[in-house]
Every structure is written in structure tokens, then in C-alpha cells.
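A.B. asks: Model the following, please.
(one chain, ligands or ions: 1)
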Amino acid sequence: MAPVQIAKVADVPEGTGKTFQIGAHPIAIFNVAGAFYALADTCSHAEASLGEGELDTDEMCVECPLHGSLFDLETGKPRTLPAYDPVATYKVWTDGDALFVDYSD
Ligand code: FES
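C.D. replies: Here you go, the predicted model:
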């Protein structure tokens, strides 16, 4: 793993998620009350972008926009079907106004 600057803090306002690219790899970043979480963006069930899903800040999960599986922001594990495989999670942190993730191919 290596630190990669993926975005600026201001790119992901509180209560939202957004997808960024590291090379050819989409990574979804979510902001829950100023704490950031990073998941592999592509749902483990089919081709859908979790960064475009509905973020539930109370339940700490994101709903896949295609079939509705709920993915835990901290573990990447689906809480509901039809997805049953987890998506990768990445350590994410801020340094000044920059957002970094620990990532390697
Ligand atoms: S594509 Fe995400 S649950 Fe089906």
C-alpha cells in the first residue's frame, strides 16, 4: 500500500459520497460528519457505482443504486442481499486540505 492523494477535502462535503479514479480503479469516498471512508467503487454484485448510492450516515452504510444492497462503510461487507461478497476498503485520511488513501494495485 502507498499513500495516494485522491481528492481535496472540499470535494466530498459532509453527508455525501463521490467516486474518484486512481488510474483505472474507481474508489468511492464518503464523508460522515467529517470522518472519511473509502470503498472500492464497483459493487460486488454487478456493475454499479457505490459512490452514486444513497449514503445513510446514521447506519454507516451506502445503498447500491442498482439492486439496493447495503454496504458497511467500515468493513465493505454487504448487510443485505443480493450482494454477498465484500468490496475492498482503504485507509483514508486528511492532510491539510488533501484527502489521501492507502492504495496499490
Ligand atoms: S449491483 Fe449492487 S446490489 Fe446489484
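A.B. asks: And what about the residue lying closest to residue 69 once chain neighbours are set aside, helix, strand or coil?
C.D. replies: Spatial nearest neighbour of residue 69, excluding adjacent residues (C-beta to C-beta, 6 or more residues apart in numbering): residue 83 at 3.8 Å. Yep, even glycine has a C-beta here, placed from its N, CA and C like the rest. Secondary structure, DSSP: H, G, I helix; E, B strand; the rest coil: residue 83 is coil.
A.B. asks: which ones are touching residue 83?
C.D. replies: Taking C-beta atoms under 8 Å, 6 or more residues apart in numbering, we find residue 83 in contact with 43-45, 64, 67, 69, 71.
A.B. asks: Mind pulling up the pLDDT for residue 105?
C.D. replies: Per-residue pLDDT puts residue 105 at 66.
A.B. asks: Next: residue 47.
C.D. replies: In this model, residue 47 carries a pLDDT of 95.
A.B. asks: ok, now which ones touch it?
C.D. replies: Contacts of residue 47 (C-beta under 8 Å, 6+ apart): residue 66.
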